[in-house]
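Participant: just coords:
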């Protein structure tokens, strides 16, 4: 029986025979009895198992260490005087898998830095049991939201020849012998490579989602993306998951509304499906987390242009290491200040065209693009999006300005040639959404097996 089932219907199980399997989180043995705290991963909570010297293998059970896998048969009994209203009085305990003395996850407080050194075992702590349960729920919630809104899911390729961002931070994919690369006219001859041309791991599924939007009206990708960016901040990783919806017959206002509804849906769904885990985060990780999230469900999201955002920062009286300036990108400290000033999430729209991607639609002022970033407390930029440039001549001009050969994206230009529509989309950093939801501020802790510079275990 799963421990989650015991918590669901424990009153009906009092004085009944039950059996569980799980791992020992704590063990307190006395002379004639002992207590085992057991968790099986199906519920955040552990269950207390009491055993006495009357069980056949009492002396062996006294030697069971933290981390061991066990099977328990016993009777559910009430414990109204304790924090947990029931426990199991064991009739038999079998050690399925022993745990030696050097088991690193002992019943004490461990730093997250230490736990990152044992990612294969850190799930057996309260923090990571809660965290990765919420991650699983959030994954399902995303699909539920877009399904409810009539979106078609796109399985975007992981290996691609298209650089959707034009930033050049790519992990190249090749089968060419690195010690003897074929050359032609002094350059690497990729015609001899596996795919016959230069390929890399995807930085975004956006371009493929645009293909689907121009047929299904609404399409979205949800999968891993990769950036060869040598960054060691709390919010950057080399492999991370992105949610990227695209919508035909849409503009900037459309994606602001859809992204706001999505964020509120995800928060509400997680709060409903993981109340115990979220209460844990609120108490032990980020005080006031639940208040922050519930406020997002009821409060308006502020909207301001990039120019207004810079003016707001300059007039705020706050001191910055990097002075905010018109025409420049927002630093992390600027994003943090804006959400503090607005006391909640902020959409920053109409960005300077020279600091945004090639596919974003040029505004009538010829200086800004119809782009938006959603900034949230605790995570900074959570969502980035834009109305896409549907005018082929302007799109090709932007490609050249970014050093992108239009021939390499001829299919993308074709989407503007054959029945083009005004369209828009955005990207949600799935892992940053987890940071926001849980208060666990480092992306290395919200990804099960993080890939960062100089780190690729498993």
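Facilitator: Sure thing, it's come through. This structure is a prediction, so every number in the text was calculated from the model and none was measured.
Participant: Who's the closest spatial neighbour of residue 303, skipping the chain neighbours?
Facilitator: Leaving aside its sequence neighbours, residue 303 sits nearest to residue 347 (C-beta to C-beta, 6 or more residues apart in numbering; 4.5 Å). No exception for glycine: its C-beta is placed from N, CA and C like everyone else's.
Participant: Run a quick neighbour tally on that neighbour.
Facilitator: Number of residues near residue 347 (other C-beta atoms under 10 Å) recorded here: 22.
Participant: again, but for residue 431
Facilitator: Residue 431 - counted by other C-beta under 10 Å - has 24 other residues nearby.
Participant: how close does it get to residue 127?
Facilitator: When C-beta to C-beta, to the nearest Å is applied, the distance between residue 431 and residue 127 equals 16 Å.
Participant: can you check residue 195 too?
Facilitator: On the measure of C-beta to C-beta, residue 195 and residue 127 end up 42 Å apart.
Participant: neighbour count winner among these two?
Facilitator: residue 127 (21 against 14).
Participant: Hmm, that one is touching residue 439, no?
Facilitator: No. Residue 127 lies out of contact with residue 439 (C-beta atoms under 8 Å); the separation is 10.6 Å.
Participant: Between the two, which contacts overlap?
Facilitator: Common contacts of residue 127 and residue 439 (C-beta atoms under 8 Å, 6 or more residues apart in numbering): residue 285.
Participant: Centroid-wise, who is the farthest residue in the chain?
Facilitator: residue 54 (48.7 Å; C-alpha atoms, centre = their mean).
Participant: Which residue ranges of the stretch 351-458 of the chain form helices?
Facilitator: Residue ranges of the helices in the stretch 351-458 of the chain, as given by DSSP state H, counting those that start in this stretch, are 392-401, 410-417, 430-438, 443-446.
Participant: before we move on, which element is the closest residue to residue 188 other than its chain neighbours in?
Facilitator: Excluding the flanking residues, the one nearest residue 188 by C-beta to C-beta, 6+ apart is residue 181, at 5.3 Å. Under DSSP states H and E, no helix or strand contains residue 181.
Participant: Secondary structure class of the nearest residue to residue 209 once chain neighbours are set aside, three-state.
Facilitator: Spatial nearest neighbour of residue 209, excluding adjacent residues (C-beta to C-beta, 6+ apart): residue 246 at 4.1 Å. Of the three states, residue 246 takes strand according to DSSP: H, G, I helix; E, B strand; the rest coil.
Participant: Same question for residue 270.
Facilitator: Classified using three-state DSSP, residue 270 is helix.
Participant: now swap in residue 255 and tell me
Facilitator: Residue 255 ends up helix, using three-state DSSP.
Participant: Assess the claim that residue 255 and residue 425 are in contact.
Facilitator: Yes. Residue 255 lies in contact with residue 425 (C-beta under 8 Å); the separation is 6.4 Å.
Participant: any shared contact partners between those two?
Facilitator: With C-beta under 8 Å, 6+ apart, residue 255 and residue 425 have common neighbours 245, 247, 385, 386.
Participant: I'd say the second one and residue 253 touch.
Facilitator: No. Here residue 247 does not reach residue 253: they are 11.4 Å apart, not a contact under C-beta under 8 Å.
Participant: re the thing from before, if I look at the residue nearest to residue 209, how far off is residue 322?
Facilitator: 33 Å.
Participant: the more surrounded of those two?
Facilitator: Using other C-beta under 10 Å, the more surrounded residue of residue 246 and residue 322 is residue 246, with 31 against 12.
Participant: Return the per-residue confidence for residue 164.
Facilitator: Here the pLDDT value assigned to residue 164 is 69.
Participant: what's residue 5 in contact with, if anything?
Facilitator: Contacts of residue 5 by C-beta under 8 Å, 6+ apart are residue 42.
Participant: Does it lie in a helix or a strand, and which?
Facilitator: Per DSSP H and E: helix 3-8 holds residue 5.
Participant: From the structure, what's the count of residues near residue 75?
Facilitator: 15.
Participant: Quick check: bridge partners of it?
Facilitator: residue 17, residue 89 (DSSP bridges).
Participant: For it, give its distance to residue 89.
Facilitator: From residue 75 to residue 89 the distance is 5 Å (C-beta to C-beta).
Participant: One more: residue 248?
Facilitator: 63 Å.
Participant: how about the helices of the stretch 1-150 of the chain, start to end?
Facilitator: Under DSSP H, counting those that start in this stretch, the stretch 1-150 of the chain gives helices at 3-8, 10-13, 58-61, 112-115, 126-148.
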